[in-house]
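In: model the following, please.
(one chain, ligands or ions: 1)
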Amino acid sequence: MEGEDSRLVEKTEERTSATTTSDASASADGDSDGEAESSSASTSTLFMDNVGEVVLTLGSDGLSWKFPDSDYKDLSSCFGIKLGGDVVTEIKFSEIYGVELISYGVIRGSNHPNIGKLISLHGHGDTQMYRFTVHGIKKSQHSQLCLATYTFGHKDSEICHRWTDWIDASLKVEIERPKNLLVFVNPRSGKKHGCRTWENVAPVFSRAKVDTKVIVTERAGQAFDAMISTSNEELRSYDGVIIVGGDGFFNEVLNGFLLFRLRAPHPPSPSDILHLNRSNGPVLGHDTREATAETPETEAASPLLSSSSTHKAIGLANSSTENDSGYSDEELDFPFPREHLRFGIIPAGSTDAIVMCTTGTRDPITSALQIVLGKRISLDIAQVVRWKTTFTADVDPCVRYAASFAGYGFYGDVITESENYRWMGPKRYDYAGTKVFLRHRSYEAEVAYFESESENPESPVERGSNPCSSWMKSMCCSEKPQRVICRANCGVCSNSKPVHMSKTRQRLTPYSWRGGGVGGRWQKCAGRFLSVGAAIISNRNEKAPDGLVAEAHLSDGFLHLLLIKDCPRALYLWHLTQLAKKGGEPLNFSFVEHHKTPAFTFTSMGKESVWNLDGEPFPAHQLSAQVFRGLISLFASGPPV
Ligand SMILES: Nc1ncnc2c1ncn2[C@@H]1O[C@H](COP(=O)(O)OP(=O)(O)OP(=O)(O)O)[C@@H](O)[C@H]1O
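Out: Numbers count the residues shown, from 1 in each chain. Presented below is the predicted three-dimensional model:
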């Protein structure tokens, strides 16, 4: 055994030295300009843990291995023995997130029933040697990514060092991967497992050699304050900001990032639309007058860009003062969209709709892997401006940003009610939802939305055949919507042009607001509504597998406005059950209006509810919203194909 071992090691060294002479010089060249040698393959004979002796090859796009002295291309079939399809024989660099030398120790012989026979032919069992591990990913069911490790060993530590250097150099070519991240952990998220979730994924970041500055929050609002007080210079030193928590926590960080940095004009207010209809009729979008010419001086300042405190900025204070934010113009100058700084979400919340929509699953390891592998997608963000908190309140605009959803009526009532039951964890939504459903309240409101010319003006959503029986048809729409679902590398989203953000602080009038550069008209709708909702993304979650609006895209520049008109409770229940069903048709009812729009305004006409922004309550009597296409980038690869 001892003799056989040393013979094999000699053979290995011979072969290795034969390949490394040329590779060493090529690699040195590659290193000098920061790139791995990739034109000619490097090869060594090593021992692979749980497999046995293999010839490992460094190719231009990854690693592959096979048995020595074998003409067989891979290990799935060798010496005439069928090994089965589960034997992995290669891994691409795009699927490797780290490589590390590990301590001198045991490399086990094959644990495969068939390979075991081969190893016994060579006479090798477990043996001690120098080792290195390649950390990669494996795709599993339901869009999840799993961790995969491949450990190799050799009697010569130099050879292990050389291989880790080569692989490291090849990974450096993957320039989209982050190196330095700011991480916020909400210990109170969901079932209060935020810290444990971070502890579980932290090794992924250390193996990937990503530096992390971790802040575990001690109170609500801390991450918001930290994002506001972090200087732009410090933010530029990070490749991204990661949150471990739910949608509400992400919303907090997003607002802390955008409120003082994004200089964007506000959308028209509900009063602007009213005035427009009285004086000029509803057709808009072709007017070329400039914002500056149309906007009265008194309305010009964006109150949040000039507000006095962070609490004021998120609407916790009432008074508005000018230019006392403490930020100079230069400090505010943070161009958007910000390509360099990406956001990431490691799910630990109660709903985690943003993660479900952007990674296709709700799995912390999948999110962590998509972050360290440097995946990227763009995300639309809605700017929501509250003009008045209550009917009697003064006009005092307050801006918030939302990434997933804004809803009034049923949605606002559920979030208000559920806040009383936070101690229940995620179950609070079921309990509060049932209570609010049983109340069956409706609210009188006036909504105006911008109908873009690019959308079918006759019918905002294309419809196909209707599955309803005839008695149902009076309540169902005549045709079923045709859906174009958002996927990874989605054609609709990849058409996204960069947002050109005007730096003016002035509010736009309906004339100067041009719906993201497309023509169209404002339409109005008034009545009693059970809910008014605007979905920015589909909002898939465990309770609504297709989301609120299955065909919503991550980055198409549109909101999906859902007006659920007052209807009997049984019909509303029918609508809700369709939402909860995979392949359901929740929008295919005559009491549901669905408009794809870049902006809308809202005024409550009677009894008040509150708005729900990304799962957080936001009282508003009068409000406008507009979407900014692809405003931020996320570390995610998009919903699976
Ligand atoms: N240390 C903390 N203690 C209490 N609340 C916190 C703390 N840190 C953050 N928060 C607040 O907790 C709220 C909810 O957090 P988060 O979104 O992570 O969980 P969730 O509401 O359970 O999940 P989801 O939003 O997905 O339904 C956020 O509004 C955030 O401001």
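
In: shaky segments in the chain?
Out: Where the chain drops to pLDDT under 70, the residues are 1-41, 69-87, 111-125, 276-338, 454-483, 496-518, 641.

In: how about the residues of the stretch 101-250 of the chain that lie near the ligand?
Out: Within the stretch 101-250 of the chain, the positions lying close to the ligand (CB under 6 Å from any ligand atom) are 186-190, 217-221, 245-249. Every C-beta, even on glycine, is put in place using the N, C-alpha and C of the backbone.

In: hmm, try it at 8 Å
Out: Contact residues (CB under 8 Å from any ligand atom) of the stretch 101-250 of the chain with the ligand: 186-190, 194, 216-224, 243, 245-250.

In: now the stretch 351-500 of the chain
Out: The stretch 351-500 of the chain comes close to the ligand at residues 351-353, 422, 425-426, 429, as judged by CB under 8 Å from any ligand atom.

In: sorry, back to before: among the residues of the stretch 101-250 of the chain next to the ligand, which are in strands?
Out: Among these, the members found in strands (DSSP state E) are 216, 243, 245.

In: the last one and R188, how far apart?
Out: The reference is to G245. For G245, the distance to R188 (CB to CB, to the nearest Å) stands at 8 Å.

In: looking at the two, which one has more neighbours?
Out: G245 (30 against 19; other CB atoms under 10 Å).

In: these two touch, right, that one and N186?
Out: Yes: using CB atoms under 8 Å, G245 makes contact with N186 at a distance of 3.5 Å.

In: mutual contacts of those two, please.
Out: Jointly contacting G245 and N186 under the rule CB atoms under 8 Å, 6 or more residues apart in numbering are 194, 348-349.

In: what do G245 and R188 both touch?
Out: The contact lists of G245 and R188 share G194, where a contact means CB under 8 Å, 6+ apart.

In: ok, now which ones touch the most centrally placed residue in the chain?
Out: Nearest to the mean C-alpha position of the chain, counting by CA atoms, centre = their mean, stands T358 at 4.3 Å. Residues near T358 by CB under 8 Å, 6+ apart: 345, 377, 379, 537, 554, 634, 636, 638-639.

In: which of the residues you listed fall in strands?
Out: Within the contacts of T358, residues falling in strands by DSSP E are 345, 377, 379, 634.

In: tell me the two of those that are most distant?
Out: When CB to CB is used, the two most widely separated members of these are I345 and I377, lying 11.9 Å apart.

In: overlap in contacts of those two?
Out: With CB under 8 Å, 6+ apart as the test, I345 and I377 both reach 358, 634, 636.

In: just the element for Q523, please.
Out: Using DSSP states H and E, Q523 falls within strand 520-535.

In: coming back round to it: so which of the ones in strands among the contacts of T358 would you say is closest to the ligand?
Out: Nearest to the ligand out of those is I345 (CB to the nearest ligand atom; 9.5 Å).

In: in the stretch 1-150 of the chain, which spans are strands?
Out: According to DSSP state E, counting those that start in this stretch, the stretch 1-150 of the chain carries its strands in the segments 42-48, 52-58, 62-66, 77-78, 81-82, 90-92, 96-107, 127-139, 145-154.

In: against which helices or strands is the first one packed?
Out: When you say that, I think you mean strand 42-48. Strand 42-48 sits against helix 2-32, strand 52-58, strand 145-154, helix 157-172, with contacts defined as 3 or more CB pairs under 8 Å, 6 or more residues apart in numbering; DSSP states H and E.

In: whatever residue of the stretch 451-600 of the chain ends up closest to the ligand: neighbour count?
Out: At 8.4 Å from the ligand, N541 is the closest residue in the stretch 451-600 of the chain, using CB to the nearest ligand atom. A count of nearby residues for N541, using other CB under 10 Å, gives 21.

In: could you dump the residues of the stretch 351-500 of the chain next to the ligand to JSON lines with neighbour count and secondary structure?
Out: Below are these laid out as JSON lines (neighbours: other CB atoms under 10 Å; DSSP: H, G, I helix; E, B strand; the rest coil):
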{"residue": "T351", "neighbour count": "24", "secondary structure": "coil"}
{"residue": "D352", "neighbour count": "28", "secondary structure": "coil"}
{"residue": "A353", "neighbour count": "29", "secondary structure": "helix"}
{"residue": "R422", "neighbour count": "10", "secondary structure": "helix"}
{"residue": "G425", "neighbour count": "14", "secondary structure": "helix"}
{"residue": "P426", "neighbour count": "17", "secondary structure": "helix"}
{"residue": "Y429", "neighbour count": "20", "secondary structure": "helix"}
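
In: closest to P270 among those?
Out: Within these, the smallest distance to P270 is 27.6 Å, found for A353 (CB to CB).

In: contacting residues around the closest one?
Out: Contacts of A353 by CB under 8 Å, 6+ apart are 247, 404-405, 537, 539-541, 547.

In: let's have those residues in TSV, adding secondary structure.
Out: What follows is those, written out as TSV (DSSP: H, G, I helix; E, B strand; the rest coil):
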residue	secondary structure
D247	helix
S404	coil
F405	strand
I537	coil
N539	coil
R540	coil
N541	coil
G547	coil
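
In: pull out the buried residues from those.
Out: 247, 404-405, 537, 539-541, 547 (16 or more other CB atoms under 10 Å).

In: between these, which sits nearest K596?
Out: I537 (13.1 Å).

In: report the contact partners of the closest one.
Out: With CB under 8 Å, 6+ apart, I537 has these contacts: 353-354, 357-358, 379-380, 403-405, 486, 547, 552-554.

In: any idea how this protein splits into domains?
Out: Following automatic domain parsing, the chain resolves into domains at 2-172, 245-634.

In: now the closest residue to the ligand within the stretch 351-500 of the chain, nearest residue through space, not along the chain?
Out: Distances between the stretch 351-500 of the chain and the ligand by CB to the nearest ligand atom are smallest at T351, namely 3.7 Å. Excluding the flanking residues, the one nearest T351 by CB to CB, 6 or more residues apart in numbering is N541, at 5.1 Å.

In: thinking again about what came up before, so the residue nearest to the centre of the chain: helix, strand or coil?
Out: Following three-state DSSP, the label given to T358 is helix.

In: what's the distance between it and W387?
Out: T358 sits at a distance of 31 Å from W387 (criterion: CB to CB).

In: for I346, same thing?
Out: For I346 relative to W387 (CB to CB), the value is 36 Å.

In: go on, L548?
Out: Distance of L548 to W387, given as CB to CB: 25 Å.

In: check R422 too.
Out: To W387, R422 is 30 Å away according to CB to CB.

In: please, which helix or strand holds Q578?
Out: In the assignment (DSSP H and E), Q578 maps to helix 569-579.

In: what residues of that helix count as buried?
Out: For helix 569-579, burial by neighbour count (16+ other CB under 10 Å) applies to 571-572, 574-576, 578-579.

In: now stretch 100-111
Out: For stretch 100-111, by 16+ other CB under 10 Å, it's 107-110.

In: do the same with stretch 551-563
Out: 551-563.

In: measure that stretch end to end?
Out: This stretch, stretch 551-563, spans 16 Å end to end (CA to CA, to the nearest Å).

In: quick one: it to chain centroid distance?
Out: The chain centroid and the centroid of stretch 551-563 are separated by 15 Å under CA atoms, centre = their mean, to the nearest Å.

In: repeat that for stretch 573-587.
Out: For stretch 573-587, the distance to the chain centre is 25 Å (CA atoms, centre = their mean).
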